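Participant: kindly return the folded structure for what I paste below:
(2 chains)
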Amino acid sequence: MSMPPSSVDSAFSATPLRDASRWHPAEYAFWVLPVLAYFVFGENLSLLSQIAIAALFCLSLDLILGYAGIVSLGHAAFFGVGAYAAGLLAKHGWGDPLLGLAAAAAIAAAAGFVTSFLVLRGSDLTRLMVTLGVAVMLYEGANKATAFTGGVDGLQGVEVKPILGMFSFDLYGKTAYWYSLAVLFVMFWLARRLVHSPFGLSLRGIRQNVGRMPAIGAPVNGRLVAVYTIGAAYAGVAGGLLTQTTQFVSLDVLSFSRSAELLLILVLGGTGRLYGALIGTMVFMTAHHFLSGINPQYWQFWLGAALVLVVLFARDGIMGLLQKLGTRWTKPA
Amino acid sequence: MTVVFDGIASGLLLFLISVGLSVTLGLMNFVNLAHGSFAMLGGYICVILLNRHGMPFLAALPIVTLASALAGVVLERTLYRRLYGASHLDQVLFSIGLVFMSISTAHYFFGAQQQPLQLPPMLSGQFNLPGVDIGVYRLFLIVVGLSIAVALQWMITSTRFGAQLRAAVDNPRAARGLGIDVDRVFVLTFALGSALAGLGGALGVEMLGLDPEFPVKYIVYFLIVVAVGGSGNIKGSLYASLIIGICDVAGKYYVPQIGAFVIYAVMVVTLIFRPQGLFGRSAAK
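Facilitator: Numbering: from 1, shown residues only, chains lettered A, B, ... in the order given. The predicted structure follows:
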């Protein structure tokens, strides 16, 4: 990834940008929540780990959709690739979790790099269809390659070694939770650095006006390839995490509904703000856990209704609403 | 030969359903993923008319078509029209929301099971020619599909309404200035798209089955047809449905190991070389 020369910065005042990249007090408070959750909802640790993993996955889509504006209906492809990569490694004796995550990231990034050239072509609709097609093809492939992936039965016999040789995965999911949370935090921190870097700013420029960016010397295609690859790597890490914490890979990791649901979560939360991905996931997963316990169809209906309403009235999602409330609160009119 | 024939028949069935999508997506530039829901609505209305009221199949079809058109008008007036100017992503999300609602509604009223449909004896059975077995219903599908294709193509290229529609899509403001009632044109077009979807859904119950998951199961096929054929193009959708239908049936018949892989591969390869579809207008957004 090549950064533009920093001398560009001196041409104009970068203070507002630098301020935006500083950590806001509310952000510190936000990261206390998952720690509190451990003590308050201690009996629901597996749900909490699922939320952390889904949040990481959602973050990866936010990078490519919210910042670079690449629509994708097949992001589960990279999640699945990462999940299978980590699972197969662990199954064949390379059970070190961090190594597994690195491998998942690398392989998913490679897949993202290769397919990014397909995504560069065409309009939004073409992108939707191509990403969808790639994901469905991978799904079919994993479904048929039973010798390799276990097919519909899933990949079994995943044995994960203790993290750093010290913390083994326990029955209650304590290690799994802290592990997922730590990975999420590190990846979030990196993503936060990334979107506030000149690279991240150029992505936003591309989303807002793709015609003007080449004129100021930003290589549009190169940037899109880079961010798509990074997004794929993030999704791969999320997939790898899921494999390691559940010690199982089901075919479902590649499914269309996972991609579609991810898109919904991100939009409900609000695109283009990293916290939208996190908050959207928290709200969605918690609501899903409790409401679908009552009646799955009931849940689906209200999810659909919520989506329609968000698109019609609250295009910026939960984060947009929060921000509106925030500005009204700080500046009473 | 039988494979080719079956392929053509299932291709035309796909065409019947997806041409409606080609009308809304291609002509009106609205990504309506809820298209399968209209098809499902048509299917359920058809099943109800047949099984609960004992109506003959052929008499039920016009009612199904009208009812779907009506549903299309209502939804267009209340919801869809607000999103004509929105981005494709918004339209996708909005229609996914509608799909979810339609699935759970169908679940609520009809349950998860497949709906049975008894074809009239006139349309069932098959006859044999040397080298090819022809199912009567499939032949019927082919005839209906081709006649609709011809009628639509004629309507869009040679009638006054078709000209108004093309004008309204290409430049709504200029069309308004010329005295074309753009809103009315869009409502009618949307109704037409929904009607075709409903008709296709009703005709498809026999071959595709009908259950609440219908809109999700087949939306990929419909989108592939439109994407491959190039949107807003009746001829393109027709050829694309034929290609997809034949590839799908042939793929499942000759190489069942890879099954559904074939059509996705066809789609991705097509889109790589021709992002606007096989017959798309390159100027289309």
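Participant: flag every buried residue along the longest helix along chain A.
Facilitator: Among all segments of chain A classified by DSSP state H, the helix with the greatest residue count is helix A:220-246. Neighbour counts using 16 or more other C-beta atoms under 10 Å in any protein chain shown place A:220, A:223-246 of helix A:220-246 among the buried residues. The C-beta positions use only the backbone N, C-alpha and C, and glycine is treated the same way.
Participant: quick one: average pLDDT of stretch B:144-155?
Facilitator: Along stretch B:144-155, the predicted confidence averages to a pLDDT of 86.
Participant: lowest-pLDDT helix or strand in the chain?
Facilitator: With no chain named, the answer covers chain A. One helix or strand of chain A scores below all others by mean pLDDT, DSSP states H and E: helix A:15-21, with a mean of 73.
Participant: the intended chain is chain B.
Facilitator: Least confident element among the helices and strands of chain B, by mean pLDDT, DSSP H and E: strand B:126-129 (a mean of 69).
Participant: low pLDDT regions in the stretch 151-285 of chain B?
Facilitator: Under the criterion pLDDT under 70, the flagged ranges of the stretch 151-285 of chain B are B:230-234, B:256-260, B:275-285.
Participant: and with 90 instead?
Facilitator: Within the stretch 151-285 of chain B, the set of residues satisfying pLDDT under 90 comprises B:151-194, B:196-285.
Participant: where do the helices sit along it?
Facilitator: Listed in chain order, the helices of the stretch 151-285 of chain B (DSSP state H, counting those that start in this stretch) span residues B:160-170, B:172-177, B:182-208, B:214-229, B:234-254, B:261-273.
Participant: other SSEs contacting the helix or strand following the longest helix of chain A?
Facilitator: With elements assigned by DSSP states H and E, the helix or strand that comes after helix A:220-246 is helix A:256-269. For helix A:256-269, the elements it packs on are helix A:45-61, helix A:76-91, helix A:124-144, helix A:274-294, helix A:296-313, helix A:317-330, helix B:88-110, helix B:214-229, judged by 3 or more C-beta pairs under 8 Å, 6 or more residues apart in numbering or on different chains; DSSP states H and E.
Participant: of the ones you listed, which is nearest residue B:178?
Facilitator: The minimum distance between residue B:178 and the helices and strands packed on helix A:256-269 falls on helix B:88-110, with 26.8 Å, by C-beta to C-beta.
Participant: do the closest one and chain A meet at all?
Facilitator: Yes - contact between helix B:88-110 and chain A, assessed by C-beta under 8 Å from any C-beta of the partner chain, occurs at B:88-90, B:92-94, B:96-105, B:107-108.
Participant: buried subset of those residues?
Facilitator: By neighbour count, with 16+ other C-beta under 10 Å, these hold B:88-90, B:92-94, B:96-105, B:107 as buried.
Participant: who in the stretch 51-200 of chain B is up against chain A?
Facilitator: Near chain A, the residues belonging to the stretch 51-200 of chain B are B:79, B:82-83, B:86-90, B:92-94, B:96-105, B:107-108 when assessed by C-beta under 8 Å from any C-beta.
Participant: quick one: residue A:46 and residue A:180 touch, right?
Facilitator: No - using C-beta atoms under 8 Å, residue A:46 and residue A:180 do not qualify as a contacting pair, with a distance of 10.3 Å.
Participant: neighbour count for these two, which is higher?
Facilitator: When residue A:46 is set against residue A:180 and neighbours are counted by other C-beta atoms under 10 Å in any protein chain shown, the residue ahead is residue A:180, at 27 against 14.
Participant: my read: that one touches residue A:53, true?
Facilitator: Yes - taking contacts as C-beta under 8 Å, residue A:180 lies within contact range of residue A:53: 5.5 Å.
Participant: overlap in contacts of those two?
Facilitator: Shared between the contact lists of residue A:180 and residue A:53 (criterion: C-beta atoms under 8 Å, 6 or more residues apart in numbering or on different chains) are residues A:241, A:245.
Participant: for the residue nearest to residue A:320 when sequence neighbours are not counted, give its distance to chain B.
Facilitator: Closest residue in space to residue A:320, ignoring its immediate chain neighbours: residue A:270 at 5.1 Å, by C-beta to C-beta, 6 or more residues apart in numbering or on different chains. In this structure, residue A:270 and chain B are separated by 13 Å, where distance is defined by C-beta to the nearest C-beta, to the nearest Å.
Participant: residue A:270 - how many residues pack around it?
Facilitator: The burial count assigned to residue A:270 is 26, neighbours taken as other C-beta under 10 Å.
Participant: my guess is it contacts residue A:324, does it?
Facilitator: No - using C-beta under 8 Å, residue A:270 and residue A:324 do not qualify as a contacting pair, with a distance of 11.0 Å.
Participant: which residues are contacting stretch A:161-170?
Facilitator: Residues outside stretch A:161-170 that contact it (C-beta under 8 Å, 6+ apart): A:95-98, A:160, A:175-176, A:178-179, A:244-245, A:247.
Participant: what's the farthest-apart pair in those residues?
Facilitator: A:95 and A:178 (18.3 Å).
Participant: ok, residue A:54 - contacts?
Facilitator: Residue A:54 makes contacts with A:238, A:265, A:281, A:284-285, as judged by C-beta under 8 Å, 6+ apart.
Participant: ok, then the element right after the least confident helix or strand of chain A?
Facilitator: Later in the chain than helix A:15-21, the nearest helix or strand by DSSP H and E is helix A:25-40.
Participant: next, format the contacts of residue A:54 as a markdown table and append pLDDT.
Facilitator: As requested, the contacts of residue A:54 are exported to a markdown table (pLDDT from 0 to 100):
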| residue | pLDDT |
| --- | --- |
| A:238 | 93 |
| A:265 | 88 |
| A:281 | 90 |
| A:284 | 87 |
| A:285 | 87 |
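Participant: neighbour-wise, which one of those leads?
Facilitator: Neighbours were tallied for each of the contacts of residue A:54 (criterion: other C-beta under 10 Å), and the maximum of 33 neighbours falls on residue A:238.
Participant: wait, that residue touches residue A:51, no?
Facilitator: No - using C-beta under 8 Å, residue A:238 makes no contact with residue A:51, being 11.7 Å away.
Participant: shared neighbours of these two, anything?
Facilitator: Shared contacts of residue A:238 and residue A:51, defined by C-beta under 8 Å, 6+ apart, are absent.
Participant: you'd agree residue A:280 is up against residue A:321?
Facilitator: No - with the criterion set as C-beta under 8 Å, residue A:280 and residue A:321 do not qualify as a contacting pair; they are 11.7 Å apart.
Participant: now stretch A:291-305: average pLDDT?
Facilitator: The pLDDT scores in stretch A:291-305 average 78.
Participant: residues of that stretch that come out buried?
Facilitator: Judged by neighbour count (16+ other C-beta under 10 Å), stretch A:291-305 contains these buried residues: A:297, A:299-301, A:303-304.
Participant: now what about it, what contacts it?
Facilitator: Applying C-beta under 8 Å, 6+ apart, the set of residues contacting stretch A:291-305 from outside is A:264, A:287-288, B:96-105, B:107-108.
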